[in-house]
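K.L.:
Have a look at this fold, sequence not included:
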């Protein structure tokens with residue numbers, strides 16, 4: 001007998017739907033969370049001082065083409081479409097058109113309404129319907145174009161927009177103003193390291209947008225599936241029904257029970273941050289990211305009360321994701337040769353044996369003036385503990401360079417990597433859990 005919808009695991013049903021693909025499971029997990037966030041919109045919120053936090057999230061999948069980012073995004077979009085969700089943005093747009101579409105004063109063809117066609121609410125700005133949009137685009141570069149700092153700044157502003165009465169107002173080039181009531185934006189897109197550096201120029205490091213995004217990095221799984229199976233329409237509909245049930249049952253003010261509240265306070269006070277200066281601003285905003293994720297985890301359990309189990313799962317997933325976020329940025333920065341160092345790291349990541357200097361020069365000779373520059377870059381990467389020199393003596397000696405792969409931090413408080421199947425795939429050592437953790441993890445839904 002089939003379980004009632006409200007007992008179904010969103011993760012479990014979604015992973016069954018997508019089946020075995022070449023896409024990393026971490027990508028699939030964040031994609032379905034992004035779909036749930038889009039479904040919820042502004043209908044649930046968490047009071048935070050004089051403000052409110054909503055469960056909308058900005059997700060960027062980062063990796064080589066072999067990680068099948070587009071596959072993950074398309075599968076999530078199909079499930080969301082099957083649920084009846086309609087607030088998708090265009091795959092490619094300008095900042096002005098994005099705002100016009102979000103405001104909703106367009107005709108059926110997406111063009112600005114003529115003055116004769118405007119309704120009274122359009123003219124007087126009395127529309128009190130919250131405006132939602134889900135940017136669900138395979139390539140973020142295609143969506144907004146390169147180095148569009150103004151558009152990036154806008155997305156940063158809308159990420160945490162909270163004003164019950166004041167709309168977002170802006171004058172456009174068309175000599176008219178727009179007024180958007182309670183704008184809510186969710187974002188799920190993909191980038192390679194090359195397109196990432198084109199979308200986010202070095203000047204963007206100082207902008208707030210990078211701290212508002214979660215950069216989900218994974219290396220290729222190594223799975224080679226020449227003929228992927230077609231996902232079952234019936235399984236897709238089951239996931240869609242779970243999302244619809246979440247939307248129907250989760251709304252209103254979200255609260256935090258005392259135990260979870262104490263855990264969140266402890267995490268906030270002891271969090272040391274990602275050890276990379278490029279994430280300085282993210283570290284300051286990490287607590288808000290965690291609260292958003294806790295809201296989502298509670299919501300997929302059909303609750304508006306954040307419990308201790310939600311905090312542990314959310315903190316585990318966020319910690320696991322943060323472990324790889326420096327790799328998501330690659331060698332992004334203001335260095336003159338950041339693109340070349342990114343290529344070096346990419347070559348080493350793809351290697352299954354130490355790579356010689358000769359091989360590296362063959363890959364980079366068109367980007368550098370001489371081999372001495374390559375040697376200098378390698379030395380810098382070694383000193384930064386990103387690359388290591390390997391030498392193995394014996395009958396068949398081998399030597400060369402490989403990337404440094406740091407182990408997951410097992411000692412983090414309120415983190416249990418046993419909860420994530422993608423962490424288990426990395427052969428992490430089982431954590432020792434005391435009885436105090438066993439009882440609060442019993443309801444966590446995982447595959």
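P.N.:
That came through, no problem. Keep in mind it's a predicted model, so treat the numbers as computed, not measured.
K.L.:
For the stretch 201-350 of the chain, which segments count as helices?
P.N.:
In the stretch 201-350 of the chain, the segments counted as helices under DSSP state H, counting those that start in this stretch are 209-212, 233-249, 258-270, 280-300, 308-329, 338-350.
K.L.:
Dig out what the residue most central in space within the chain forms beta bridges with.
P.N.:
The chain has residue 59 as the residue nearest its centroid, 2.4 Å off, counting by Cα atoms, centre = their mean. Note on residue 59: beta-bridge partners by DSSP bridges are residue 188, residue 214.
K.L.:
can you pull the contacts of it?
P.N.:
Shown in contact with residue 59 (Cβ atoms under 8 Å, 6 or more residues apart in numbering): 30-31, 33-34, 187-189, 213-214, 216. (C-beta placed from N, C-alpha, C; glycine too.)
K.L.:
Would you map out the domains in this structure?
P.N.:
5-329, 338-403 (automatic domain parsing).
K.L.:
in what helix or strand does residue 375 lie?
P.N.:
Using DSSP states H and E, residue 375 maps to helix 371-383.
K.L.:
what pLDDT, on average, does that helix get?
P.N.:
Averaging pLDDT along helix 371-383 yields 89.
K.L.:
List the buried residues of the helix or strand just after that helix.
P.N.:
Per DSSP H and E, the first helix or strand lying C-terminal to helix 371-383 is strand 387-392. The neighbour-count check on strand 387-392 (16 or more other Cβ atoms under 10 Å) flags residue 387 as buried.
K.L.:
What of stretch 346-363?
P.N.:
346-348, 354-355, 360.
K.L.:
can you pull the contacts of the residue nearest to residue 193 when sequence neighbours are not counted?
P.N.:
Take residue 193 and drop its neighbours on the chain: the residue closest to it by Cβ to Cβ, 6 or more residues apart in numbering is residue 330, 4.2 Å away. Going by Cβ under 8 Å, 6+ apart, residue 330 touches 193, 196-197, 342, 345-346.
K.L.:
what's the answer for residue 422, then?
P.N.:
Shown in contact with residue 422 (Cβ under 8 Å, 6+ apart): 24-26, 29, 320.
K.L.:
likewise residue 167?
P.N.:
Residue 167 neighbours (Cβ under 8 Å, 6+ apart): 125, 179-182.
K.L.:
so which of those residues is the most crowded?
P.N.:
residue 180 (23 neighbours; other Cβ atoms under 10 Å).
K.L.:
From residue 228, how far out is the residue lying closest to that one once chain neighbours are set aside?
P.N.:
Counting by Cβ to Cβ, 6+ apart, the nearest residue to residue 180 once its immediate chain neighbours are dropped is residue 168, at 4.4 Å. Distance, residue 168 to residue 228, using Cβ to Cβ, to the nearest Å: 41 Å.
K.L.:
who's more crowded, those two?
P.N.:
Neighbours were counted for residue 168 and for residue 228 using other Cβ under 10 Å; residue 168 has more, 19 against 14.
K.L.:
For that one, which residues are in contact?
P.N.:
Residue 168 neighbours (Cβ under 8 Å, 6+ apart): 157-158, 161, 179-180, 183.
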